[in-house]
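*Asks:* Provided below are the primary sequence and the corresponding predicted coordinates.
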Amino acid sequence: NMEMSINGSRSGQDVPGGLSLYAGDAACGAVPRFVVSLTMHVRSGILEQAVNDVLPLFPHLCACPVRTEGGYVLRKDTGRVKVFRKEISRDGMTDASGDMDGRLFRVSCEGKTIFFDIHVALLDERGMAAFAKSVVFRYIQLAGYPVSNDGNVRTLTDGEIHVSEEDPMEHIADIPASRPAWYMDAKAFLLRHDRPEGPDRITQIRVPLSRLRSHAKDHGSLPVTFIAPLVSHAVYEKYRQEMGAGEYVVASISVNLRQYFPTLSFRPFSTAVTLAYNRRLGEYPFNTILMSQKKLLEAQLKPDALAYNAGRRLDDMERLSSAAGLAAKERMAEEMASIEAARSTYMIRGAGNVGMPESMQRYVTEFYPIFTPVRQDFAVSMVVFRNEAVLTFAEKNGADGSFCRRVAELMNENDICAYVSDEFDMMPMKYELP
């Protein structure tokens, strides 16, 4: 029976995961979701078999939190995982309430759609995409549809079952690190809206990358370069009267470290960089803005700068681990989460370019993540699927979607073909520790 401390040591969990496990604010328990829709109706019994078949490839998902006086520990539960049926009401609100069976993740289904609600302490956005792909591939196999793997999906035959239990963050301390030489450490404008507890407003924008024109076409390999400044401008446009002197709209962009420091592990392995919107549409040509944002981003994407950034976040968890007792850890986590949120106006989480075998892709109609906003007013989740950038905006209760429609308008005004493809309300699942 494996037991592992999650008190925040370097061999512990990802920083956002650790903070959300300990922070007292109920909203910090919000669990991200991956949504996959298929061409066929999903049978829960077959899906449950697929999930349990795939779990040996992601053994750390079997970790269940147990409260102790000094903090929490993760104990391995290799019992069978349940799959839940989900109900969707007539007004389009997806109900995410329900039992997680003592685990840090839950798989459920309704109609032709599968929902993966997974705590960030277990998987980051790329890890979630990998797990979702493996489960869906296995489901299609078990359902009797012809499908073959081209190496894009981790399957039962890989023979590398143990690697996903290794923590890649342990190696960050061994990598040469230095602060970016050219970096804008801007004061972030914070949206301060006291909104009652309620469903998030979800708005989805699609950007066909094959139809990019003009300057944006040169940035197609890194879509966040042209997406972030337009989202930031929409914030500036709406709230500039509320911004104080010296404040900037700052995006916090999640960067997956795997492409810079290769690892076979699917444990959380990402950090966040900030991108301040320092040149505005109307004052500078769009191409000048894109080049400025690209330089600000690239300065932080060098391996030594990423190692420095990730090391700072690990140091936060070291401080958390030094706090004696559960109550002290929860207090410190609350303070650290507030400080981290104050560094940016909003967040962008990207799951990268998702590839899958053509024989599998013909059965998959939707594949996207939703990261719910916690301390900020909205969050953007991004994935590239079928050569489309799919942007999923989650705004806190009370939003009407007009902000996101303005983002789509700004994209089209600047030669970026974009359209709003869906809008609905979603009550995010909240995980409560035992």
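*Replies:* Cool, the structure landed.
*Asks:* what element comes up after the longest helix along the chain heading to the C-terminus?
*Replies:* Among the segments of the chain that qualify as a helix by DSSP state H, the longest is helix 303-322. Note on helix 303-322: by DSSP states H and E, the next helix or strand toward the C-terminus is helix 326-341.
*Asks:* tell me what that following helix is packed against?
*Replies:* helix 15-22, strand 71-76, helix 303-322 (3 or more CB pairs under 8 Å, 6 or more residues apart in numbering; DSSP states H and E). Using the backbone N, CA and C atoms, a C-beta is placed for each residue, glycine as well.
*Asks:* thinking again about what came up before, which strands and helices lie in contact with the longest helix of the chain?
*Replies:* If you count contacts as 3+ CB pairs under 8 Å, 6+ apart, helix 303-322 packs onto helix 15-22, strand 270-276, helix 286-300, helix 326-341.
*Asks:* now with 6 Å?
*Replies:* Secondary-structure packing of helix 303-322 (3 or more CB pairs under 6 Å, 6 or more residues apart in numbering; DSSP states H and E): helix 15-22, strand 270-276, helix 326-341.
*Asks:* In a strand, residue 348, correct?
*Replies:* Yes - counting by DSSP: H, G, I helix; E, B strand; the rest coil, residue 348 falls inside a strand.
*Asks:* Could you measure from it over to residue 406?
*Replies:* As for residue 348, its distance to residue 406 is 17 Å (criterion: CB to CB, to the nearest Å).
*Asks:* which one of those two has more residues nearby?
*Replies:* The residue with more neighbours, out of residue 348 and residue 406, is residue 348; 21 against 17, by other CB atoms under 10 Å.
*Asks:* Okay, and the beta partners of the more buried one?
*Replies:* residue 253, residue 380 (DSSP bridges).
*Asks:* Of the helices and strands packed on helix 303-322, flag the one that's most buried.
*Replies:* helix 15-22 (a mean of 26; mean count of other CB atoms under 10 Å).
*Asks:* Next secondary structure after that one?
*Replies:* According to DSSP H and E, the helix or strand after helix 15-22 is strand 33-38.
*Asks:* Mean pLDDT lowest where, among the helices and strands packed on helix 303-322?
*Replies:* Mean pLDDT is lowest for helix 15-22 among the helices and strands packed on helix 303-322, at a mean of 69.
*Asks:* tell me which element residue 382 falls in.
*Replies:* Going by DSSP H and E, residue 382 is in strand 378-385.
*Asks:* Name every strand pairing with the next helix-or-strand element following that strand and say which way it goes.
*Replies:* The C-terminal neighbour of strand 378-385 among helices and strands, as given by DSSP H and E, is strand 388-395. Paired neighbours of strand 388-395 in the sheet (DSSP bridges): strand 200-208 (antiparallel), strand 378-385 (antiparallel).
*Asks:* okay, and for the protein, where does confidence drop off?
*Replies:* 1-19, 24-29, 87-99, 156-165, 181-184, 193, 195-196, 220, 434 (pLDDT under 70).
*Asks:* can you pull out the helices in the stretch 1-150 of the chain?
*Replies:* In the stretch 1-150 of the chain, helices defined by DSSP state H, counting those that start in this stretch lie at 15-22, 44-54, 125-142, listed in chain order.
*Asks:* buried sites along the longest one?
*Replies:* For helix 125-142, the buried set under the neighbour-count rule, 16 or more other CB atoms under 10 Å, comprises 125-141.
*Asks:* Other residues contacting that helix?
*Replies:* For helix 125-142, contacts defined as CB atoms under 6 Å, 6 or more residues apart in numbering pick out 34, 36, 46-47, 49-51, 53-54, 58, 116, 118, 147, 153-154, 256, 266, 349, 351-352, 354, 356, 360, 363, 369.
*Asks:* how far away is residue 266 from residue 147?
*Replies:* Applying CB to CB, the value for residue 266 to residue 147 is 22 Å.
*Asks:* Pick out whichever of these two has more residues nearby.
*Replies:* Using other CB under 10 Å, the more surrounded residue of residue 266 and residue 147 is residue 266, with 27 against 21.
*Asks:* and the gap between that one and residue 103?
*Replies:* 16 Å.
*Asks:* again with residue 419
*Replies:* Relative to residue 103, and taking CB to CB, residue 419 is found at 37 Å.
*Asks:* okay, these two: which has more neighbours?
*Replies:* Taking other CB under 10 Å, residue 419 and residue 103 do not tie; residue 103 has more neighbours (21 against 13).
*Asks:* need the contact list for the closest residue to the more buried one other than its chain neighbours.
*Replies:* Nearest residue to residue 103, sequence neighbours excluded (CB to CB, 6 or more residues apart in numbering): residue 64, at 5.6 Å. The contact partners of residue 64, taken as CB under 6 Å, 6+ apart, are 75, 77, 102, 103.
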